[in-house]
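K.L.:
Give me a model of this one.
(chains A and B)
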Amino acid sequence: MTASAVWQIVLTLLVAGGLSIPLGHYIARVFCNQKTFLDPILDPVDALIYRLIGRDATGQAMNWRGYAASMLWTNVLMGLVIYVLLSAQGHLPLNPLHFAGLNPFLAFNTAASFITNTNWQNYAGESTLSLFSQMAAITFPMFTSAATGFVVAIAFFRALSANTSQGANLGNFYRDFVRVLTRLLLPVCLVVTPILVWQGSPDTLTGMVVAHGLQGGVQHIPLGPVADLEAIKHLGTNGGGFYNANSAHPFENPTPLSNLIETLLMMVTPMALVVTFGRMVENARLARVMYGVMALMLVTALFIAVGAEQAGTPLLTHAGIMQAPGHGQMGGNMVGKEVRFGITQSAIFDTVSTAFTTGTVNSMLDSYTPMGGMVSLVQMMLNCVFGGKGVGVLNFLMYGIFAVFIAGLMVGRTPEFLGKKIEKREIVLASLALLVHPIIILIPTAWSLLAPYGVSSLGNSGSHGLSEVLYAFTSAAANNGSAFAGLNGNTPWYNVTLGLVILFGRYASIIFMLALGGSLAAKPAVSETVGTLKTDTMLFGGFWLATIVVVGALTFFPVLVLGPIAEVFALYAHHATAGGLR
Amino acid sequence: MKGNVTTTPSRLAWGRLSKEAAVDSFRKLTLRHQLRNPVMFVVYVGAWLVLALFVRDLVSGSGGQSSFTGSVDAWLWFTLLFANFSESLAEGQGKAQAASLRQARHEVSAKRLQQAARNSPFEVVAGAALRSGDYVLVEAGDIMPSDGEAVIGVAAVDESAITGESAPVIREGGGDRSAVTGGTQVLSDWLIVRITAAAGDTFLDRMIKMVEGASRRKTPNEIALGILLVVLTLVFLVVTITLFPFSWYGVHYAAHNGRVVGITVLVALLVCLIPTTIGALLPAIGIAGIMRLLRANVVATSGRAIEAAGDVDVLFLDKTGTITYGNRQAAAFYAAEGVPLPRLVACARHASLADGTPEGKSIVALAETQYGMQGLGQQEAGTLIPFSADTRMSGVDVAGRRIRKGAPDAIRAWISNLGGDWPAGLGEVIEQIASGGATPLVVCEDEDVLGLVELKDIVKGGIKERFAALRKMGIRTVMVTGDNPLTARAIATEAGVDDFLAEAKPEAKLARIQEYHSRGHMVAMTGDGTNDAPALAQADVALCMASGTQAAREAANMVDLDSNPTKLLEIVGIGKQLLMTRGSLTTFSVANDVAKYFAIIPAAFVGTYPALAALNVMDLSSPRHAILAAVIFNAVVIPLLIPLALRGVRYKAASAKELLRRNIWIYGVGGIVAPFVGIKLIDLLLTSM
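P.N.:
Numbers count the residues shown, from 1 in each chain, chains lettered A, B, ... in the order given. Prediction:
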């Protein structure tokens, strides 16, 4: 790996880390109803919105059931609206290119995908969606789905907070929902969008411009409200592109500066949420341990991915092609990567994108080296390398519950986490949340590989084909939306199964985790002694990490062996696999 | 002599137990029994499935295949047998103890009284016919027919059948020594007993049930852990089942090479991945915990109480008997001004020679050992003037001299009556002694005040260190005493307890426990009196002395047959050790999976993707040997860990952090490394055979 690559990784992490700390404190202040500098402007705005929703709805304290129900109903309602908008876009305004409505399968898949912060796209945006659909059915749920993930994490933090006077009160969903939109997502987007426009991203209601080339060729260039979508796409860890090429497209991600801004936008809020957690449960040391473990996983992933892409493929080396960087060459595996970003910025962007479950891409993962592609796959399988907005830290805490349980037994006490006993009910709920993930990834993948209608969508045969299907369902289950490409997902089978996997992956784990929070909140706090297992130590952090690796990653080891790992070894054993290199 | 009931089985007994357990493990291969343990049930189903494949291979005559299938299947059955064996062995230990307890429960007849009076007529009935509330007469030589409460009479009772303690104990009507237990024998005198437990539900019966495991319900932690194991099993079930289509795709679409992974290999992988080690040993660990408690001569009424003992972070300890030796003892002599010390010591000794109280004896002992007064004998004994509540002094009249010892104010009154003087400076010494938590005793001869004897509560040797060890584990100790706060503070400081409750009344004890509860602490206490019952009922771990009253026994969740209050410290250790053993073996079991993956996965798929041979990090000789070695390791690790499961992981008082570090190293890191070594060794063995 080149020194410049190392510096790029380190600097990106440092800037993101540096931003995440004050942001985390700010978020905590917002949700603890403490004063923030935006209050004078936003208090009247919030008050107006509360009045529109109804004072009854925004005033009451909710237990986990109330919170989960409000979240679910709001999401179902928005999902239905999006489904209708997409199906009926042909009859709706702002459709300069006269696109027809989406077929029911695709409309379902897209609605499910965007309402859940997944942003898996089985369509090409610029040739499928009207500008109205892009704004109302794509950009709008990018805000609300991010807000949904965000507030359930906040509710869970409240449940764990030591403030026993709150009892089973997790806050008010509607109030939290409004506050995260007005005090975090909208303000940041208002600042970032003009910067992206300055960098060259369009933000217009013109549907298309026609360009005449010097050689007389005619280019039809689709335009639209791109820059604002890009801002929330990354800030909200959404990932759905305006264009099919996603952030590889020069209008979505015009320059290295825009690339850096988008990378940082993806990272800051999930990182900040860990800081918020520490503040809300009043245990900054624990937050530091969690932050450290997640950062360690992320750094490892970044170095492996960037290193693997820079090393290129031994097949080309074998063929006598120089792949080492230098002499004006980028070196390494440049297939499917944009020249304006190069290997390092592409690998960082895509690794960050799968770690933070954004799913946006600025290069084609299908063309990554097997190792580089596997890094993205494994991060989605873990789904807690900081992870998506809110849910990432919840998944991390779910593994924490198991780690606490086993480590707690090892020190000879009924396990406790933040002073609350982990007993049968908590283990059942955490287990259900854990169980969902492998089931909805492995079973549909296996089915797809057995069925002719599943295999027919593959872009590659060979073990790479297995990787493609596995990647699709992993991405859907993790609500990531990152696409390996290569797989044609726009078939009834994949539209429906991926849609269902997306919905289960999202709501099942959120509801189980909220129930877990409710259960913990209702428990009396146990006093802490030196006999209590300390969760805020390096030692426990290591155990936590081991739990994630052994329980989370080893589950997928056999299937990885038949997919990317087989490719890796095949590559180095000089066995050309059909899909390893295209 | 420590009793026949609760000793560790001898080598001979172990041999017999193992033999019985071996037979029993075959008996447990029924569907009904296997269904009780979901993890092992999966192995059971797998074993039948592979057996069917083996039979099919035999019939179809594919020899090479059938020997592999047969070997894997044999080891799957061994896995099940080893699991059954560990459980049977633990149960067998319990049964052996239950049998010796049962000897005490032979059928007895009882003398049922018409009313609770010595002269009331009685009829002789079978012990089983007694109802709760009946009155029975038990005379010398009679066996106590059931549990009850002595209402009238005093008797010496031999309770060795229950406690293993051969010295008889005194039981008397009313008061704190009224509880009697079925199966014990009255040695002298008689008692009238009100029956409190119908036949079949006596303390002895409950003890037998407990050790036999008949009424052993799973404890909360055990249930939670059980769920975790089931979930892991489900996860691995999905992993292995879906591996078949993946392999099918690999063979038919991707590599066009090798064969689709067989059912035998998938079952082998599944059995190796699911937490069979902890799943197999979990029942044994639970039973062994109860047995360890029994070996400490403590009977718990539920397994839950043992677990709670591990969680306890506040111990309420009675001062007397636990922290100090029961009685105050002479610690020093202080002569009054102008009095030679030997005169004081000689007189104090003389006044105490005929005094049989522990205090008196301790004065004699101190005089003889520390002040060189031994060998004087008792020839000049004189007339003993015993202690009375009226005079509050005792002494001896010898050769016209009246030697007295007593409380300062009592002696002062006595002296002034005789016209003597109260020496100057004595008051200061008295105050000094009192402020140190000790009791001053003034000695005088006729009207001369000779000086003082300091009577002290002697703190038991080593107790301070034990409290320090507890503190390291995060357990606070609270000393409960009837003494005044001044005395209590002094003893508390000397013994190194964290807190004390002086002038403790039952209500104060209860209130203090509730206060600790409200702050999120778990409290353990000991008690024996009826007035302890409310506090015992409130405490999370309540240890009642076997000598305690029926009310106290009912309120408690553990009974100490030795009536040794220090036992609480041991019980906490046993509770922690139980949880630690479960946690450590779970970690070990899950950590083992890493190596098993590396043994089985390359072996299963190297036919399809030859490059996967690179994953064979252990360099195992062949795919079949690799799979077999993993299955064999998975099976033999169970019997190898049985001693650990029965004995419990090594336990020492340390902070949670130290314990975690130690156990992660041994069972986590060890659990990753051990199977790599083990599987490699088994593979070498298989190759050499």
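K.L.:
Just read off the phi/psi values of B:L561.
P.N.:
Note on B:L561: its backbone torsions stand at phi -70, psi -20 [degrees, to the nearest 10].
K.L.:
Hmm, it is touching B:G548, no?
P.N.:
No. Between B:L561 and B:G548 there is no contact under Cβ atoms under 8 Å: 11.2 Å. Placement of C-beta: from N, CA and C, glycine included.
K.L.:
who's more crowded, those two?
P.N.:
Neighbour totals were compared for B:L561 and B:G548, and B:G548 leads with 28 against 24 (other Cβ atoms under 10 Å in any protein chain shown).
K.L.:
quick one, phi/psi of the closest residue to that one other than its chain neighbours?
P.N.:
Nearest in space to B:G548, with sequence neighbours left out and distances taken as Cβ to Cβ, 6 or more residues apart in numbering or on different chains, is B:D528 at 3.4 Å. Per-residue torsions, B:D528: phi -140, psi -20 (degrees, to the nearest 10).
K.L.:
what about A:S431, distance to chain B?
P.N.:
A:S431 sits 4 Å away from chain B, taking Cβ to the nearest Cβ, to the nearest Å as the criterion.
K.L.:
for the helix or strand where that residue lies, packing partners?
P.N.:
Assessed by DSSP states H and E, A:S431 sits inside helix A:424-450. On a contact count with 3 or more Cβ pairs under 8 Å, 6 or more residues apart in numbering or on different chains; DSSP states H and E, helix A:424-450 meets helix A:391-410, helix A:452-455, helix A:462-477, helix A:492-503, helix A:509-521, helix B:220-249.
K.L.:
Name the nearest residue to B:S563, sequence neighbours excluded.
P.N.:
B:M545 (3.9 Å).
K.L.:
which ones are touching the one you found?
P.N.:
Contacts for B:M545 (Cβ atoms under 8 Å, 6 or more residues apart in numbering or on different chains) come out as B:526-528, B:552, B:559-560, B:563-565.
K.L.:
Which single residue of the stretch 251-400 of chain A ends up nearest chain B?
P.N.:
Per Cβ to the nearest Cβ, A:P370 is where the stretch 251-400 of chain A lies closest to chain B, at 11.2 Å.
K.L.:
host element of the residue found closest to that residue once you drop the neighbours it is linked to in the chain?
P.N.:
Among residues not flanking A:P370 along the chain, A:E567 sits closest, at 3.6 Å (Cβ to Cβ, 6+ apart). Using DSSP H and E, A:E567 sits within helix A:566-572.
K.L.:
pLDDT (mean, whole number) over that helix?
P.N.:
Helix A:566-572 shows a mean pLDDT of 84.
K.L.:
just to revisit the earlier point, okay but the residue of the stretch 251-400 of chain A closest to chain B is in contact with A:V561, surely?
P.N.:
No. If you go by Cβ under 8 Å, A:P370 and A:V561 don't touch, sitting 11.8 Å apart.
K.L.:
more neighbours, the two?
P.N.:
Higher neighbour count among A:P370 and A:V561: A:P370, with 27 against 24, using other Cβ under 10 Å.
K.L.:
Touching, the residue nearest to A:P370 and A:H464? I think so.
P.N.:
Yes. Shown here, A:E567 and A:H464 form a contact pair, counting by Cβ under 8 Å, at 6.1 Å.
K.L.:
list the helices and strands the helix or strand hosting A:T193 packs on?
P.N.:
Assigned by DSSP H and E, A:T193 belongs to helix A:186-199. Here helix A:186-199 touches helix A:227-235, helix A:256-280, going by 3+ Cβ pairs under 8 Å, 6+ apart.
K.L.:
What strands line up against the next helix or strand after it, and which way round?
P.N.:
Counting by DSSP H and E, the next helix or strand C-terminal to helix A:186-199 is strand A:208-212. Strand A:208-212 has these partner strands in its sheet, going by DSSP bridges: strand A:218-222 (antiparallel).
K.L.:
buried ones in the partner strand?
P.N.:
A:P222 (16 or more other Cβ atoms under 10 Å in any protein chain shown).
K.L.:
roughly how far out does it sit from the chain middle?
P.N.:
32 Å (Cα atoms, centre = their mean, to the nearest Å).
K.L.:
what residues does it touch?
P.N.:
A:97, A:126-127, A:207-213, A:243.
K.L.:
How are the helices of the stretch 1-150 of chain A distributed by residue range?
P.N.:
A:3-31, A:39-53, A:55-59, A:64-87, A:104-115, A:125-128, A:131-133, A:140-160 (DSSP state H, counting those that start in this stretch).
K.L.:
Please read the previous query as pertaining to the stretch 251-400 of chain A.
P.N.:
So, for the stretch 251-400 of chain A - with DSSP H, counting those that start in this stretch - the helices run A:256-280, A:284-311, A:314-318, A:342-355, A:370-382, A:391-410.
K.L.:
In which helix or strand does the residue nearest to B:A635 when sequence neighbours are not counted reside?
P.N.:
In this structure, B:A635 finds its nearest non-sequential neighbour in B:T79, 4.2 Å apart by Cβ to Cβ, 6+ apart. Assigned by DSSP H and E, B:T79 belongs to helix B:63-102.
K.L.:
repeat for A:N238
P.N.:
Applying DSSP H and E, one finds A:N238 in no helix or strand.
K.L.:
Quick one: neighbours of it, just the number.
P.N.:
31.
K.L.:
Give me the distance between it and A:D350.
P.N.:
Here the distance between A:N238 and A:D350 works out to 15 Å (Cβ to Cβ, to the nearest Å).
K.L.:
Over to A:H318?
P.N.:
Distance from A:H318 to A:D350, by Cβ to Cβ: 26 Å.
K.L.:
Of these two, give the one with the bigger neighbour count.
P.N.:
Between A:H318 and A:D350, A:D350 has the larger neighbour count (other Cβ under 10 Å), namely 29 against 10.
K.L.:
Not counting sequence-adjacent ones, nearest residue to that one?
P.N.:
Using Cβ to Cβ, 6+ apart, the nearest residue to A:D350 is A:V361, at 5.6 Å.
K.L.:
same deal with A:I115?
P.N.:
Here the nearest residue to A:I115 in space, its sequence neighbours aside, is A:G79; by Cβ to Cβ, 6+ apart that works out to 4.2 Å.
K.L.:
The one you found and B:H350, how far apart?
P.N.:
Distance, A:G79 to B:H350, using Cβ to Cβ: 99 Å.
K.L.:
Neighbour count for these two, which is higher?
P.N.:
For A:G79 and B:H350, the more surrounded residue by other Cβ under 10 Å is B:H350, and the numbers stand at 26 against 19.
K.L.:
tell me what the host helix or strand of the more buried one is packed against?
P.N.:
Using DSSP H and E, B:H350 sits within helix B:341-353. Here helix B:341-353 touches strand B:324-335, helix B:358-370, strand B:393-398, strand B:401-406, strand B:439-445, strand B:448-459, going by 3+ Cβ pairs under 8 Å, 6+ apart.
K.L.:
Packed most tightly, which of the ones you listed would that be?
P.N.:
strand B:439-445 (a mean of 25; mean count of other Cβ atoms under 10 Å in any protein chain shown).
K.L.:
For B:L501, what are phi and psi?
P.N.:
Dihedral angles for B:L501 - degrees, to the nearest 10 - are phi -120, psi 110.
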